[in-house]
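Visitor: below is the structure, and that's it, no one-letter string:
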(Lines give C-alpha, C1' and ligand atoms only; values in the text may rest on other atoms or scores of the structure.)
Protein backbone atom coordinates (compact mmCIF):
# COMPACT_ATOMS: atom_id res chain seq x y z
CA UNK A 1 0.00 0.00 0.00
CA UNK A 2 1.28 3.48 -0.90
CA UNK A 3 2.04 5.83 1.92
CA UNK A 4 0.15 9.14 2.16
CA UNK A 5 3.42 11.06 1.77
CA UNK A 6 4.12 9.19 -1.48
CA UNK A 7 0.68 10.11 -2.81
CA UNK A 8 1.25 13.78 -2.03
CA UNK A 9 4.69 13.89 -3.66
CA UNK A 10 4.40 15.11 -7.26
CA UNK A 11 5.93 12.72 -9.79
CA UNK A 12 9.32 13.80 -11.05
CA UNK A 13 9.85 13.86 -14.79
CA UNK A 14 12.79 11.82 -16.05
CA UNK A 15 15.89 13.81 -17.03
CA UNK A 16 16.13 14.62 -20.74
CA UNK A 17 18.14 12.23 -22.88
CA UNK A 18 18.63 14.70 -25.71
CA UNK A 19 19.20 18.47 -25.76
CA UNK A 20 16.32 18.72 -28.23
CA UNK A 21 13.94 17.65 -25.45
CA UNK A 22 14.67 21.02 -23.78
CA UNK A 23 12.50 23.85 -25.22
CA UNK A 24 15.08 26.56 -24.58
CA UNK A 25 17.71 24.55 -26.42
CA UNK A 26 15.40 24.22 -29.41
CA UNK A 27 15.01 28.02 -29.48
CA UNK A 28 18.78 28.41 -29.18
CA UNK A 29 19.32 25.91 -32.02
CA UNK A 30 16.93 27.77 -34.34
CA UNK A 31 18.62 31.09 -33.60
CA UNK A 32 22.03 29.62 -34.36
CA UNK A 33 20.79 27.92 -37.53
CA UNK A 34 19.14 31.03 -38.97
CA UNK A 35 22.07 33.32 -38.13
CA UNK A 36 24.61 30.92 -39.65
CA UNK A 37 22.68 30.74 -42.92
CA UNK A 38 22.65 34.53 -43.06
CA UNK A 39 26.27 35.20 -42.07
CA UNK A 40 27.77 32.46 -44.25
CA UNK A 41 25.71 33.58 -47.21
CA UNK A 42 26.81 37.18 -46.72
CA UNK A 43 30.49 36.22 -46.51
CA UNK A 44 30.32 34.18 -49.73
CA UNK A 45 28.53 36.83 -51.78
CA UNK A 46 30.64 39.64 -50.35
CA UNK A 47 33.85 37.80 -51.29
CA UNK A 48 32.64 37.09 -54.82
CA UNK A 49 31.49 40.68 -55.30
CA UNK A 50 34.81 42.06 -54.08
CA UNK A 51 36.81 39.79 -56.40
CA UNK A 52 34.51 40.56 -59.33
CA UNK A 53 34.67 44.32 -58.69
CA UNK A 54 38.48 44.15 -58.48
CA UNK A 55 38.63 42.32 -61.82
CA UNK A 56 35.91 44.16 -63.75
CA UNK A 57 35.79 47.71 -62.37
CA UNK A 58 39.43 48.13 -61.34
CA UNK A 59 40.97 46.03 -64.13
CA UNK A 60 43.14 43.97 -61.76
CA UNK A 61 44.89 40.81 -62.92
CA UNK A 62 44.15 37.52 -61.18
CA UNK A 63 47.11 37.75 -58.71
CA UNK A 64 46.19 41.34 -57.77
CA UNK A 65 42.51 40.49 -57.32
CA UNK A 66 43.47 37.41 -55.29
CA UNK A 67 45.50 39.65 -53.00
CA UNK A 68 42.37 41.76 -52.44
CA UNK A 69 40.69 38.64 -51.03
CA UNK A 70 43.56 38.39 -48.58
CA UNK A 71 43.04 42.02 -47.58
CA UNK A 72 39.34 41.25 -47.12
CA UNK A 73 40.27 38.67 -44.51
CA UNK A 74 42.55 41.17 -42.80
CA UNK A 75 39.79 43.81 -42.77
CA UNK A 76 37.55 41.40 -40.89
CA UNK A 77 40.29 40.23 -38.52
CA UNK A 78 41.56 43.60 -37.25
CA UNK A 79 38.34 44.48 -35.36
CA UNK A 80 38.16 40.91 -34.08
CA UNK A 81 41.70 41.18 -32.72
CA UNK A 82 40.99 44.51 -31.02
CA UNK A 83 37.56 43.70 -29.60
CA UNK A 84 37.82 40.03 -28.58
CA UNK A 85 39.07 40.70 -25.01
CA UNK A 86 36.18 43.13 -24.48
CA UNK A 87 33.66 40.69 -25.99
CA UNK A 88 34.68 37.94 -23.58
CA UNK A 89 34.22 40.17 -20.55
CA UNK A 90 30.84 41.40 -21.87
CA UNK A 91 29.67 37.79 -22.26
CA UNK A 92 30.68 37.03 -18.65
CA UNK A 93 29.23 40.23 -17.10
CA UNK A 94 25.87 40.62 -18.90
CA UNK A 95 22.93 38.49 -20.01
CA UNK A 96 24.31 36.48 -22.92
CA UNK A 97 20.96 36.44 -24.72
CA UNK A 98 20.94 40.22 -25.02
CA UNK A 99 24.60 40.43 -26.02
CA UNK A 100 24.11 37.95 -28.89
CA UNK A 101 20.72 39.47 -29.80
CA UNK A 102 22.19 42.96 -30.08
CA UNK A 103 24.96 41.74 -32.38
CA UNK A 104 22.41 39.94 -34.58
CA UNK A 105 20.39 43.15 -34.81
CA UNK A 106 23.44 45.03 -36.07
CA UNK A 107 24.09 42.24 -38.58
CA UNK A 108 20.51 42.81 -39.77
CA UNK A 109 21.44 46.43 -40.51
CA UNK A 110 24.63 45.33 -42.32
CA UNK A 111 22.61 43.00 -44.55
CA UNK A 112 20.18 45.80 -45.37
CA UNK A 113 23.07 48.16 -46.17
CA UNK A 114 24.73 45.67 -48.50
CA UNK A 115 21.38 45.05 -50.17
CA UNK A 116 20.88 48.76 -50.84
CA UNK A 117 24.43 49.22 -52.14
CA UNK A 118 24.05 46.24 -54.45
CA UNK A 119 20.56 47.21 -55.63
CA UNK A 120 21.73 50.74 -56.50
CA UNK A 121 24.91 49.31 -58.09
CA UNK A 122 27.23 51.66 -56.21
CA UNK A 123 29.71 48.97 -55.19
CA UNK A 124 33.35 49.90 -54.68
CA UNK A 125 36.30 48.26 -52.98
CA UNK A 126 36.45 50.74 -50.05
CA UNK A 127 32.72 50.33 -49.41
CA UNK A 128 32.88 46.53 -49.47
CA UNK A 129 35.93 46.54 -47.20
CA UNK A 130 34.06 48.81 -44.77
CA UNK A 131 31.09 46.47 -44.57
CA UNK A 132 33.45 43.52 -44.08
CA UNK A 133 35.19 45.24 -41.16
CA UNK A 134 31.87 46.09 -39.51
CA UNK A 135 30.68 42.50 -39.98
CA UNK A 136 33.86 41.28 -38.29
CA UNK A 137 33.31 43.63 -35.35
CA UNK A 138 29.75 42.36 -34.86
CA UNK A 139 30.72 38.70 -35.03
CA UNK A 140 33.24 39.08 -32.23
CA UNK A 141 30.46 39.81 -29.72
CA UNK A 142 28.05 37.21 -31.06
CA UNK A 143 30.41 34.23 -30.91
CA UNK A 144 31.43 34.18 -27.21
CA UNK A 145 27.90 34.92 -26.00
CA UNK A 146 26.31 32.18 -28.12
CA UNK A 147 28.99 29.63 -27.22
CA UNK A 148 28.46 30.25 -23.51
CA UNK A 149 24.63 30.01 -23.61
CA UNK A 150 24.31 26.28 -24.39
CA UNK A 151 26.04 25.05 -21.19
CA UNK A 152 23.61 27.22 -19.19
CA UNK A 153 20.52 25.48 -20.59
CA UNK A 154 21.80 21.91 -21.08
CA UNK A 155 22.89 19.46 -18.31
CA UNK A 156 26.63 18.78 -18.24
CA UNK A 157 26.11 15.15 -19.28
CA UNK A 158 24.44 16.30 -22.52
CA UNK A 159 27.02 18.94 -23.48
CA UNK A 160 28.88 16.70 -26.01
CA UNK A 161 25.56 15.91 -27.73
CA UNK A 162 24.63 19.60 -27.62
CA UNK A 163 27.94 20.51 -29.25
CA UNK A 164 27.26 17.98 -32.00
CA UNK A 165 23.78 19.44 -32.52
CA UNK A 166 25.24 22.96 -32.47
CA UNK A 167 27.59 21.83 -35.20
CA UNK A 168 24.66 20.44 -37.18
CA UNK A 169 23.02 23.87 -36.98
CA UNK A 170 26.26 25.52 -38.03
CA UNK A 171 27.14 23.11 -40.82
CA UNK A 172 23.59 22.84 -42.17
CA UNK A 173 23.47 26.62 -42.23
CA UNK A 174 26.87 26.71 -43.86
CA UNK A 175 25.52 24.36 -46.57
CA UNK A 176 22.26 26.21 -47.17
CA UNK A 177 23.71 29.71 -46.92
CA UNK A 178 26.40 29.57 -49.63
CA UNK A 179 24.46 27.24 -51.94
CA UNK A 180 21.14 29.09 -51.78
CA UNK A 181 22.69 32.55 -51.74
CA UNK A 182 24.73 31.69 -54.83
CA UNK A 183 21.56 30.86 -56.74
CA UNK A 184 19.73 33.87 -55.28
CA UNK A 185 22.60 36.08 -56.44
CA UNK A 186 22.24 34.67 -59.94
CA UNK A 187 18.56 35.68 -59.88
CA UNK A 188 18.98 39.12 -58.33
CA UNK A 189 22.22 40.48 -56.92
CA UNK A 190 20.51 42.15 -53.94
CA UNK A 191 18.19 39.23 -53.07
CA UNK A 192 20.74 37.34 -50.90
CA UNK A 193 21.08 40.35 -48.63
CA UNK A 194 17.31 40.82 -48.25
CA UNK A 195 17.09 37.14 -47.33
CA UNK A 196 19.89 37.50 -44.77
CA UNK A 197 18.08 40.41 -43.12
CA UNK A 198 14.89 38.33 -42.74
CA UNK A 199 16.85 35.43 -41.25
CA UNK A 200 18.45 37.75 -38.71
CA UNK A 201 14.99 38.79 -37.52
CA UNK A 202 14.07 35.12 -36.98
CA UNK A 203 17.34 34.44 -35.15
CA UNK A 204 17.04 37.43 -32.83
CA UNK A 205 13.41 36.72 -31.96
CA UNK A 206 14.11 33.06 -31.20
CA UNK A 207 17.15 33.84 -29.05
CA UNK A 208 15.39 36.46 -26.95
CA UNK A 209 12.53 34.04 -26.23
CA UNK A 210 14.86 31.82 -24.15
CA UNK A 211 14.01 31.92 -20.46
CA UNK A 212 16.17 33.95 -18.09
CA UNK A 213 19.66 32.50 -17.75
CA UNK A 214 21.38 31.98 -14.38
CA UNK A 215 22.44 35.35 -12.91
CA UNK A 216 25.96 36.55 -13.40
CA UNK A 217 28.05 35.86 -10.27
CA UNK A 218 28.61 38.94 -8.13
CA UNK A 219 32.38 38.57 -8.44
CA UNK A 220 32.07 38.79 -12.22
CA UNK A 221 29.93 41.93 -12.01
CA UNK A 222 32.14 43.62 -9.43
CA UNK A 223 35.56 42.74 -10.85
CA UNK A 224 37.39 45.36 -12.86
CA UNK A 225 37.01 44.67 -16.61
CA UNK A 226 40.75 44.95 -17.20
CA UNK A 227 41.51 42.38 -14.51
CA UNK A 228 38.91 40.08 -16.08
CA UNK A 229 40.54 40.40 -19.48
CA UNK A 230 43.96 39.60 -18.04
CA UNK A 231 42.51 36.77 -15.98
CA UNK A 232 40.93 35.16 -19.04
CA UNK A 233 44.15 35.15 -21.02
CA UNK A 234 46.13 33.98 -17.98
CA UNK A 235 43.72 31.09 -17.43
CA UNK A 236 44.22 29.82 -21.00
CA UNK A 237 47.98 30.46 -20.99
CA UNK A 238 48.52 28.54 -17.75
CA UNK A 239 46.43 25.55 -18.84
CA UNK A 240 48.62 23.72 -21.36
CA UNK A 241 45.76 21.50 -22.43
CA UNK A 242 43.46 24.40 -23.38
CA UNK A 243 46.38 26.27 -24.92
CA UNK A 244 47.27 23.28 -27.09
CA UNK A 245 43.65 22.81 -28.25
CA UNK A 246 43.21 26.45 -29.20
CA UNK A 247 46.57 27.01 -30.88
CA UNK A 248 46.37 23.78 -32.91
CA UNK A 249 43.33 25.14 -34.72
CA UNK A 250 44.92 28.58 -34.98
CA UNK A 251 48.07 27.53 -36.83
CA UNK A 252 46.67 24.57 -38.78
CA UNK A 253 43.90 26.62 -40.37
CA UNK A 254 45.97 29.79 -40.84
CA UNK A 255 48.29 27.75 -43.03
CA UNK A 256 45.84 25.19 -44.40
CA UNK A 257 42.76 27.27 -45.20
CA UNK A 258 41.69 27.33 -48.86
CA UNK A 259 38.28 29.00 -48.66
CA UNK A 260 39.60 32.51 -49.35
CA UNK A 261 40.70 31.37 -52.79
CA UNK A 262 37.41 29.72 -53.72
CA UNK A 263 36.39 32.74 -55.86
CA UNK A 264 39.63 32.31 -57.84
CA UNK A 265 38.98 28.60 -58.40
CA UNK A 266 35.30 29.24 -59.24
CA UNK A 267 35.94 32.05 -61.72
CA UNK A 268 39.32 31.35 -63.28
CA UNK A 269 40.39 27.74 -62.53
CA UNK A 270 37.28 25.53 -62.58
CA UNK A 271 35.16 28.08 -64.49
CA UNK A 272 31.91 27.40 -62.61
CA UNK A 273 30.86 30.96 -61.69
CA UNK A 274 28.96 32.10 -58.58
CA UNK A 275 26.67 29.05 -58.64
CA UNK A 276 29.72 26.78 -58.51
CA UNK A 277 31.22 28.96 -55.78
CA UNK A 278 28.13 28.38 -53.67
CA UNK A 279 28.49 24.62 -54.15
CA UNK A 280 32.19 24.79 -53.25
CA UNK A 281 31.41 26.65 -50.03
CA UNK A 282 28.60 24.22 -49.26
CA UNK A 283 30.58 21.00 -49.87
CA UNK A 284 32.76 21.17 -46.70
CA UNK A 285 29.69 22.05 -44.66
CA UNK A 286 27.81 19.10 -46.14
CA UNK A 287 30.57 16.69 -45.09
CA UNK A 288 30.68 18.29 -41.67
CA UNK A 289 26.89 18.14 -41.28
CA UNK A 290 26.81 14.39 -42.03
CA UNK A 291 29.52 13.74 -39.44
CA UNK A 292 27.79 16.03 -36.93
CA UNK A 293 24.56 14.04 -37.25
CA UNK A 294 26.49 10.83 -36.62
CA UNK A 295 28.19 12.36 -33.58
CA UNK A 296 24.90 13.61 -32.16
CA UNK A 297 23.61 10.02 -32.25
CA UNK A 298 26.80 8.32 -31.16
CA UNK A 299 29.40 10.77 -29.80
CA UNK A 300 33.06 9.85 -29.68
CA UNK A 301 34.08 8.71 -26.21
CA UNK A 302 37.56 7.10 -26.32
CA UNK A 303 41.01 8.23 -27.45
CA UNK A 304 39.60 11.61 -28.38
CA UNK A 305 42.98 13.37 -28.44
CA UNK A 306 44.55 11.07 -31.04
CA UNK A 307 41.40 11.19 -33.16
CA UNK A 308 41.49 14.99 -33.12
CA UNK A 309 45.09 15.04 -34.38
CA UNK A 310 44.40 12.47 -37.10
CA UNK A 311 41.40 14.48 -38.26
CA UNK A 312 43.61 17.54 -38.85
CA UNK A 313 46.00 15.40 -40.92
CA UNK A 314 43.11 14.21 -43.10
CA UNK A 315 42.04 17.85 -43.42
CA UNK A 316 45.47 18.75 -44.81
CA UNK A 317 45.49 15.83 -47.28
CA UNK A 318 42.03 16.73 -48.58
CA UNK A 319 43.16 20.34 -49.03
CA UNK A 320 46.04 19.20 -51.23
CA UNK A 321 43.68 16.96 -53.25
CA UNK A 322 41.32 19.87 -53.88
CA UNK A 323 44.16 22.12 -55.05
CA UNK A 324 45.35 19.61 -57.64
CA UNK A 325 41.92 18.65 -59.00
CA UNK A 326 40.63 20.15 -62.24
CA UNK A 327 37.42 18.09 -62.33
CA UNK A 328 34.63 19.96 -60.54
CA UNK A 329 32.83 16.91 -59.03
CA UNK A 330 36.19 15.59 -57.78
CA UNK A 331 36.95 18.98 -56.28
CA UNK A 332 33.62 18.90 -54.46
CA UNK A 333 34.38 15.39 -53.18
CA UNK A 334 37.70 16.52 -51.69
CA UNK A 335 35.98 19.50 -50.07
CA UNK A 336 33.36 17.20 -48.57
CA UNK A 337 36.08 15.02 -47.02
CA UNK A 338 37.82 18.18 -45.79
CA UNK A 339 34.66 19.31 -44.03
CA UNK A 340 34.04 15.88 -42.48
CA UNK A 341 37.56 15.76 -41.04
CA UNK A 342 37.28 19.32 -39.76
CA UNK A 343 34.00 18.44 -38.02
CA UNK A 344 35.65 15.62 -36.07
CA UNK A 345 38.38 18.02 -34.95
CA UNK A 346 35.92 20.80 -34.07
CA UNK A 347 33.62 18.45 -32.14
CA UNK A 348 36.42 17.05 -30.01
CA UNK A 349 38.13 20.39 -29.44
CA UNK A 350 34.89 22.22 -28.56
CA UNK A 351 33.78 19.50 -26.14
CA UNK A 352 37.15 19.47 -24.42
CA UNK A 353 37.25 23.26 -24.09
CA UNK A 354 33.69 23.57 -22.74
CA UNK A 355 34.07 20.75 -20.23
CA UNK A 356 37.48 21.96 -19.02
CA UNK A 357 36.30 25.54 -18.38
CA UNK A 358 34.32 26.75 -15.32
CA UNK A 359 31.10 28.63 -16.20
CA UNK A 360 32.30 31.97 -14.83
CA UNK A 361 35.20 31.82 -17.32
CA UNK A 362 33.31 30.47 -20.34
CA UNK A 363 32.71 33.84 -21.98
CA UNK A 364 36.36 34.81 -21.84
CA UNK A 365 37.69 31.37 -22.81
CA UNK A 366 35.15 31.22 -25.65
CA UNK A 367 36.32 34.66 -26.74
CA UNK A 368 39.95 33.53 -26.71
CA UNK A 369 39.01 30.40 -28.66
CA UNK A 370 36.94 32.53 -31.01
CA UNK A 371 39.90 34.85 -31.52
CA UNK A 372 42.01 31.86 -32.52
CA UNK A 373 39.29 30.63 -34.89
CA UNK A 374 38.85 34.10 -36.40
CA UNK A 375 42.60 34.53 -36.63
CA UNK A 376 42.87 31.19 -38.39
CA UNK A 377 40.06 32.11 -40.79
CA UNK A 378 40.76 35.76 -41.49
CA UNK A 379 44.57 35.64 -41.21
CA UNK A 380 44.37 32.39 -43.17
CA UNK A 381 42.63 34.35 -45.91
CA UNK A 382 45.39 36.95 -45.77
CA UNK A 383 48.04 34.23 -45.95
CA UNK A 384 46.23 32.58 -48.86
CA UNK A 385 46.01 35.85 -50.75
CA UNK A 386 49.70 36.58 -50.30
CA UNK A 387 50.71 33.01 -51.15
CA UNK A 388 48.47 33.04 -54.24
CA UNK A 389 50.13 36.24 -55.43
CA UNK A 390 53.52 34.51 -55.12
CA UNK A 391 52.77 30.85 -55.93
CA UNK A 392 49.48 30.98 -57.81
CA UNK A 393 46.19 29.69 -56.41
CA UNK A 394 47.09 26.00 -56.80
CA UNK A 395 50.54 26.35 -55.28
CA UNK A 396 49.19 28.35 -52.35
CA UNK A 397 46.57 25.72 -51.44
CA UNK A 398 49.03 22.82 -51.80
CA UNK A 399 51.47 24.64 -49.55
CA UNK A 400 48.72 25.27 -47.00
CA UNK A 401 47.60 21.63 -46.86
CA UNK A 402 51.15 20.39 -46.36
CA UNK A 403 51.76 23.01 -43.67
CA UNK A 404 48.65 21.90 -41.74
CA UNK A 405 50.01 18.34 -41.62
CA UNK A 406 53.40 19.55 -40.38
CA UNK A 407 51.80 21.73 -37.69
CA UNK A 408 49.81 18.75 -36.40
CA UNK A 409 52.95 16.66 -36.11
CA UNK A 410 54.78 19.43 -34.25
CA UNK A 411 51.85 20.07 -31.87
CA UNK A 412 51.59 16.38 -30.96
CA UNK A 413 55.16 16.71 -29.63
CA UNK A 414 54.86 20.19 -28.07
CA UNK A 415 51.58 19.35 -26.31
CA UNK A 416 51.59 15.65 -25.45
CA UNK A 417 48.52 16.37 -23.31
CA UNK A 418 46.48 16.43 -26.53
CA UNK A 419 47.31 12.90 -27.68
CA UNK A 420 47.01 11.61 -24.11
CA UNK A 421 43.41 12.82 -23.74
CA UNK A 422 41.38 9.63 -23.51
CA UNK A 423 37.87 10.97 -22.79
CA UNK A 424 36.02 14.28 -22.53
CA UNK A 425 36.30 14.29 -18.73
CA UNK A 426 38.14 17.34 -17.36
CA UNK A 427 41.81 16.69 -17.86
CA UNK A 428 42.83 17.35 -14.26
CA UNK A 429 40.61 14.42 -13.26
CA UNK A 430 42.19 12.24 -15.93
CA UNK A 431 45.63 13.12 -14.63
CA UNK A 432 44.60 12.20 -11.10
CA UNK A 433 43.35 8.74 -12.10
CA UNK A 434 46.02 8.01 -14.67
CA UNK A 435 48.34 5.16 -13.70
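Guide: In hand now; what should we look at? Quick caveat: nothing in here was measured; it's all calculated off a predicted structure.
Visitor: C-alpha only now, for contacts and for neighbours.
Guide: Noted.
Visitor: and residue 329, how many neighbours?
Guide: 11 (other Cα atoms under 10 Å).
Visitor: element containing it?
Guide: helix 328-355 (DSSP states H and E).
Visitor: now for that helix, which elements pack on it?
Guide: Helix 328-355 is packed against helix 159-187, helix 240-256, helix 273-297, helix 304-324, with contacts defined by 3 or more Cα pairs under 8 Å, 6 or more residues apart in numbering; DSSP states H and E.
Visitor: need those in TSV (columns: distance to residue 33, mean pLDDT and mean neighbour count).
Guide: TSV is the format used below for these (distance: least, Cα to Cα, whole Å; pLDDT from 0 to 100; neighbours: other Cα atoms under 10 Å):
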stretch	distance to residue 33	mean pLDDT	mean neighbour count
helix 159-187	5	78	24
helix 240-256	23	71	23
helix 273-297	12	79	23
helix 304-324	24	87	23
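Visitor: quick one: closest of those to residue 394.
Guide: helix 304-324 (5.2 Å; Cα to Cα).
Visitor: what sits up against that closest one?
Guide: Outside helix 304-324, the residues that touch it by Cα atoms under 8 Å, 6 or more residues apart in numbering are 252, 256-258, 330-332, 334-335, 337-339, 341-342, 344-345, 348-349, 393-395, 397-405, 408, 412, 418-424.
Visitor: redo that, cut-off 6 Å
Guide: 331, 334, 338, 341, 345, 394, 397-398, 401, 404-405, 418-419, 421-423 (Cα atoms under 6 Å, 6 or more residues apart in numbering).
Visitor: again, but for stretch 132-141
Guide: For stretch 132-141, with Cα under 6 Å, 6+ apart as the criterion, the contacting residues are 75, 76, 79, 80, 84, 87, 103.
Visitor: try 7 Å
Guide: When contacts are defined by Cα atoms under 7 Å, 6 or more residues apart in numbering, stretch 132-141 is touched by residues 75-77, 79-80, 83-84, 87, 99-100, 103, 106-107.
Visitor: pretty sure residue 172 sits against residue 287.
Guide: No - Residue 172 is beyond contact range of residue 287, at 9.7 Å (criterion: Cα atoms under 7 Å).
Visitor: where does the stretch 301-435 of the chain have low pLDDT?
Guide: Flagging of the stretch 301-435 of the chain using pLDDT under 70 yields the residue ranges 301, 352, 354-385, 421-435.
Visitor: now with 80, please.
Guide: 301-305, 346-393, 415-435 (pLDDT under 80).
Visitor: could you dump the helices and strands packed on helix 328-355 to TSV with distance to residue 64?
Guide: As requested, the helices and strands packed on helix 328-355 are exported to TSV (distance: least, Cα to Cα, whole Å):
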stretch	distance to residue 64
helix 159-187	24
helix 240-256	20
helix 273-297	19
helix 304-324	20
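Visitor: and of those, who's closest to residue 119?
Guide: Per Cα to Cα, nearest to residue 119 of the helices and strands packed on helix 328-355: helix 159-187, 11.3 Å.
Visitor: which strands or helices does the closest one pack on?
Guide: helix 23-56, helix 191-208, helix 273-297, helix 328-355 (3 or more Cα pairs under 7 Å, 6 or more residues apart in numbering; DSSP states H and E).
Visitor: averaged pLDDT, the shortest one. What do you get?
Guide: Here helix 191-208 scores 93 as its mean pLDDT.
Visitor: so which elements touch it?
Guide: helix 23-56, helix 96-119, helix 159-187.
Visitor: for the next helix or strand after the shortest one, buried residues please.
Guide: Secondary structure here is assigned by DSSP H and E; on that basis, the next helix or strand after helix 96-119 toward the C-terminus is helix 125-153. When burial is assessed from 16 or more other Cα atoms under 10 Å, helix 125-153 yields the following buried residues: 125, 128-129, 131-151, 153.
Visitor: quick one: helix 125-153 to helix 328-355, angle?
Guide: 50 degrees (axes from the mean of the first three to the mean of the last three Cα atoms, to 10 degrees).
Visitor: quick revisit: out of the helices and strands packed on helix 328-355, which comes closest to residue 23?
Guide: Closest among those, using Cα to Cα: helix 159-187, at 13.1 Å.
Visitor: dump the residue contacts of residue 170.
Guide: 32, 33, 36 are the contacts of residue 170 under Cα under 7 Å, 6+ apart.
Visitor: circling back to that earlier point, can I get the helices and strands packed on helix 191-208 in TSV including distance to residue 67?
Guide: Output for the helices and strands packed on helix 191-208, formatted as TSV (distance: least, Cα to Cα, whole Å):
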stretch	distance to residue 67
helix 23-56	9
helix 96-119	22
helix 159-187	22
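Visitor: closest to residue 70 out of the ones you listed?
Guide: With Cα to Cα as the yardstick, what comes closest out of these is helix 23-56 (10.1 Å).
Visitor: excluding chain neighbours, what is closest to residue 31?
Guide: residue 203 (3.9 Å; Cα to Cα, 6 or more residues apart in numbering).
Visitor: so what's the residue count around the one you found?
Guide: 26.
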